[in-house]
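Student: Pasting the sequence and the predicted coordinates here, then a few questions.
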Amino acid sequence: MRTILKLKVITFLLLTITCCNGQSLKVDLLDDEFPEAQQQIMETFGTIAQSLKDGDMDKLISFHAYGPKFTEFKNGERRNGDVTNEEYERTVFGGVTEVVKFDANDLKVAVYGDVANVTFHSDFELKFGEDLVMVNDQISLLFLKTNEGWKIVAEHHSPLKK
């Protein structure tokens, strides 16, 4: 009987320790700022912007972690995946002849360890030949830290109300 009681006590203590450590981990992920990761993501974001300005679509695409989990929402349409996103970005952004303005207003980088959510309001002015297109969207980019650096695994774009 004492052996069973000892096992129950040990099991209870192990569960308590596991529970408390798990809660502590969750709080740390929510509260920690992860300044080094924030800096890395800001540098990545700047390089993404530069690849658009340079018209370097291969560089732009390299910042995506395409695969079956990749998700994109835009313009109120149904979700699409990696193939559709890459085709769209190569076609649309590949057609930009000049980046007149590329501002990310109200930029927020929220890091949760190896995952980060970057949100902002775009204030972009892009030229396609003589046509000027203004892009004022709410944008969320979900980044995952990989062996090759921070990569986009999900995008969400929706029009910003005027």
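Tutor: Right, received. Where do you want to start?

Student: Domains in the protein, by residue range?
Tutor: Under the assignment automatic domain parsing, the domains of the chain span 1-31, 34-159.

Student: Quick one: these as JSON lines, columns for mean neighbour count and mean pLDDT too.
Tutor: For glycine as for every other residue, the C-beta is placed from the backbone atoms N, C-alpha and C. Putting the domains of the chain into JSON lines (neighbours: other CB atoms under 10 Å; pLDDT from 0 to 100) gives the following:
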{"stretch": "domain 1-31", "mean neighbour count": "10", "mean pLDDT": "54"}
{"stretch": "domain 34-159", "mean neighbour count": "15", "mean pLDDT": "97"}
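
Student: Do a quick rundown of the strands in this structure.
Tutor: Using DSSP state E, the strands of the chain run over residues 71-74, 98-112, 115-128, 131-135, 137-146, 149-159.

Student: Which one of the ones you listed lies nearest to Glu87?
Tutor: strand 71-74 (11.2 Å; CB to CB).

Student: Output the contacting helices and strands for the closest one.
Tutor: Packing partners of strand 71-74 (3 or more CB pairs under 8 Å, 6 or more residues apart in numbering; DSSP states H and E): strand 149-159.

Student: Report the beta-bridge partner residues of the residue most central in space within the chain.
Tutor: Most central in the chain under CA atoms, centre = their mean is Leu142, positioned 1.8 Å from the mean C-alpha point. Beta-bridge partners for Leu142, by DSSP bridges, are Asn117, Ala154.

Student: Contacts only, for it.
Tutor: Listed by CB atoms under 8 Å, 6 or more residues apart in numbering, the contact set of Leu142 reads 115-118, 152-155.

Student: rerun at 10 Å
Tutor: Contacts for Leu142 (CB atoms under 10 Å, 6 or more residues apart in numbering) come out as 65, 70-71, 115-119, 151-156.

Student: ditto for Asp82
Tutor: By CB under 10 Å, 6+ apart, Asp82 lies in contact with 64-72, 153.

Student: With Val100 instead?
Tutor: Going by CB under 10 Å, 6+ apart, Val100 touches 124-127, 132-134.

Student: next one: Leu144
Tutor: Leu144 is in contact with 65, 69, 114-116, 150-154, counting by CB under 10 Å, 6+ apart.

Student: okay if I get these as JSON lines plus distance to Gln138?
Tutor: As requested, these are exported to JSON lines (distance: CB to CB, whole Å):
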{"residue": "Ala65", "distance to Gln138": "22"}
{"residue": "Lys69", "distance to Gln138": "22"}
{"residue": "Asp114", "distance to Gln138": "25"}
{"residue": "Val115", "distance to Gln138": "20"}
{"residue": "Ala116", "distance to Gln138": "17"}
{"residue": "Trp150", "distance to Gln138": "21"}
{"residue": "Lys151", "distance to Gln138": "21"}
{"residue": "Ile152", "distance to Gln138": "16"}
{"residue": "Val153", "distance to Gln138": "18"}
{"residue": "Ala154", "distance to Gln138": "14"}
